[in-house]
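Engineer: Model the structure of this input:
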Amino acid sequence: MSDFADNTPHVFTPSGLNRLVRDLLEDALPMGVWIEGELSNVARPASGHVYFTLKDANAQVRCAMFRMNAMRLRFRPADGMHVLMRAKVGLYEARGEFQLVAEHMEPAGEGALQREFEQLKARLGAEGLFDAERKRSLPAFPKRIGVITSPSGAAIRDVLSVLGRRCPLADVEVLPVPVQGREAPPAIAAMLRRASASDRYDVLLVTRGGGSLEDLWAFNDEAVARAIHASNVPVVSAVGHEVDFTIADFVADLRAATPSAAAELLVPDGADLDRQLRRLRQRLATLMSRRLQAASQRADHWQARLNAQRPQARLARDAQRLETLRRRLLAVTSQSNALRRARLDRLETRLAARHPRLRLEPARRRNGELRQRLERAIERMLERHRASLAQQGRTLHAVSPLATLERGYAIVFDERDAVVRRADDIAIGERVRVMLGEGEMRLSRDG
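Structural biologist: Coordinates of the predicted model:
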């Protein structure tokens with residue numbers, strides 16, 4: 001400023017003057033400015049820089065955004081677009097033109113919404129609405145699904161198409177709500193509360209198609225977030241495209257990238273279930289076959305053991321034992337009778353030798369009594385042996401194959417008198433002998 005302190009005029013060159021003006025502007029606004037206006041004359045040369053004019057109703061200013069900052073833009077600038085921009089104020093010395101060098105640019109209004117989004121997200125997160133431990137698992141096989149969305153949007157068509165293809169048995173109910181505009185947040189929150197209170201649904205899906213931050217703003221509403229958090233059933237959120245995130249996504253029990261992806265997550269794949277059922281059916285059939293084979297082997301084992309016992313041999317041994325017992329009984333009885341007869345003969349000999357005329361009659365009576373006692377004893381002994389013999393006979397009869405035949409069964413013998421156990425053991429036309437409870441038959445196997 002000392003150059004202007006005296007009255008000596010200072011002569012500038014154009015470049016010097018432009019440099020001075022540039023330094024004055026940059027010193028006056030070192031941190032840059034935020035400016036809002038409409039884009040015009042947008043140009044994108046091969047260098048990757050963006051040149052444009054920012055204007056309002058009364059003025060305009062030339063602007064430039066260099067390649068590194070332009071690559072970070074989330075949208076493509078175009079003429080007529082209203083934007084909010086952070087820029088440094090400067091002067092293009094070569095032409096002496098006032099210009100702004102843009103560092104950041106976003107559609108006007110989106111920045112405020114983004115800041116509001118971040119503030120609400122931080123507040124609800126601090127309250128625990130996003131905590132992973134409160135999130136519930138989805139039912140493996142939902143019977144009824146409530147879809148809260150616009151009934152005319154592309155999202156519901158995608159959801160219904162995927163659900164119909166994957167699991168047509170699931171009952172899907174469309175719960176219509178507006179998904180954009182001022183009336184959307186209260187309508188979505190009210191529908192969530194009604195659906196939760198109805199106890200009709202196993203799971204709820206809140207969804208809509210893609211759009212700008214403004215378009216999706218209904219799903220960043222605090223009332224909607226708290227309605228999702230208070231739901232009695234699991235809630236899936238599928239709002240926008242894969243890169244879009246809303247408050248509803250953070251609060252929901254599960255976030256899906258797209259409506260179609262949400263439908264994939266909600267229900268199992270019918271084709272996979274069919275394959276699993278086929279595998280389980282095959283495993284069951286294999287298990288049953290193995291068990292039947294094991295049972296058949298056990299039956300063969302017991303049959304072999306039964307055959308080893310040879311019922312005919314046991315019957316012969318029991319008959320032989322019975323005969324032995326009968327002989328022993330007869331021998332004991334005969335011996336006892338012989339002893340009693342011998343004693344009686346001795347008494348009679350003694351009596352005859354003594355001729356006891358006076359004691360003859362009492363002796364005769366006593367002899368008669370003894371004879372009766374002897375006969376009764378013999379009869380009781382014989383009765384006991386007969387009862388024992390009859391009991392053993394009944395026991396033998398109970399295990400006899402003849403008793404089985406009397407109950408309606410039959411024994412089939414082939415021409416070699418071998419017992420037939422399977423139909424396949426007899427050839428077509430071969431004759432067999434059938435032993436019944438009473439009598440026998442001879443037959444031949446036909447085809």
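Engineer: how much space between the residue sitting nearest the centre point of the chain and residue 203?
Structural biologist: Geometric centre of the chain, nearest residue: residue 140, 6.6 Å, by Cα atoms, centre = their mean. To residue 203, residue 140 is 11 Å away according to Cβ to Cβ, to the nearest Å. All C-beta atoms are positioned from the backbone trio N, CA, C, and that covers glycine.
Engineer: try residue 149
Structural biologist: Distance of residue 149 to residue 203, computed by Cβ to Cβ: 14 Å.
Engineer: One more: residue 368?
Structural biologist: Separation of residue 368 from residue 203 (Cβ to Cβ): 108 Å.
Engineer: more crowded one of these two?
Structural biologist: A count of neighbours by other Cβ atoms under 10 Å puts residue 203 above the other of residue 368 and residue 203, at 24 against 10.
Engineer: The more buried one reaches residue 138, doesn't it?
Structural biologist: Yes: judged on Cβ atoms under 8 Å, residue 203 makes contact with residue 138 at a distance of 5.7 Å.
Engineer: intersection of neighbour lists for these two?
Structural biologist: Common neighbours of residue 203 and residue 138, using Cβ atoms under 8 Å, 6 or more residues apart in numbering, are 234, 236, 266.
Engineer: Which members of the residues you listed are positioned in helices?
Structural biologist: Counting by DSSP state H, these place residue 266 in helices.
Engineer: From the shared contacts of residue 203 and residue 138, pick the one nearest residue 372.
Structural biologist: Lowest distance from residue 372 to the shared contacts of residue 203 and residue 138 (Cβ to Cβ) belongs to residue 234, with 102.1 Å.
Engineer: ok, and residue 330, which helix or strand is that part of?
Structural biologist: Residue 330 belongs to helix 311-354 when assigned by DSSP states H and E.
Engineer: other SSEs contacting that helix?
Structural biologist: helix 357-399 (3 or more Cβ pairs under 8 Å, 6 or more residues apart in numbering; DSSP states H and E).
Engineer: Could I get the average pLDDT for the helix it packs on?
Structural biologist: Helix 357-399 shows a mean pLDDT of 85.
Engineer: per the record, what domains does this protein have?
Structural biologist: The record's domain parsing of the chain by automatic domain parsing lists 2-108, 129-268, 326-399, 411-444.
Engineer: what's near enough to touch the nearest residue to residue 425 once chain neighbours are set aside?
Structural biologist: Of all residues not flanking residue 425 in the chain, residue 414 sits nearest, at 7.0 Å (Cβ to Cβ, 6 or more residues apart in numbering). Listed by Cβ under 8 Å, 6+ apart, the contact set of residue 414 reads 420, 425, 426, 430, 432, 433.
Engineer: wait, isn't the first one in contact with residue 427?
Structural biologist: No: in terms of Cβ under 8 Å, residue 420 does not count as a neighbour of residue 427; the distance is 11.2 Å.
Engineer: Have a look at these two and say which one is more surrounded.
Structural biologist: Shown here are residue 420 and residue 427; by other Cβ under 10 Å, residue 420 has more neighbours (17 against 10).
Engineer: so who does the closest residue in space to the more buried one that isn't next to it in sequence touch?
Structural biologist: Leaving aside its chain neighbours, residue 420 sits nearest to residue 412 (4.3 Å; criterion: Cβ to Cβ, 6+ apart). Shown in contact with residue 412 (Cβ under 8 Å, 6+ apart): 419, 420, 432, 433, 434, 435.
Engineer: And the pLDDT at the residue nearest to residue 425?
Structural biologist: 86.
Engineer: Residue 101 now?
Structural biologist: 90.
Engineer: Run through the bridge partners of it.
Structural biologist: Residue 101 has the following beta-bridge partners by DSSP bridges: residue 64, residue 88.
Engineer: how close does it sit to residue 423?
Structural biologist: 102 Å.
Engineer: okay, the two: which has more neighbours?
Structural biologist: residue 101 (15 against 8).
Engineer: I'd guessed that one sits against residue 90; true?
Structural biologist: Yes: in this structure, residue 101 is within contact of residue 90 by Cβ under 8 Å, at 5.6 Å.
Engineer: Tell me the one of the shared contacts of residue 203 and residue 138 nearest residue 129?
Structural biologist: Residue 129 lies nearest to residue 234 out of the shared contacts of residue 203 and residue 138, by Cβ to Cβ, at 14.9 Å.
Engineer: Give me the phi and psi for residue 123.
Structural biologist: phi -70, psi -50 (degrees, to the nearest 10).
Engineer: count of neighbours near it?
Structural biologist: 11.
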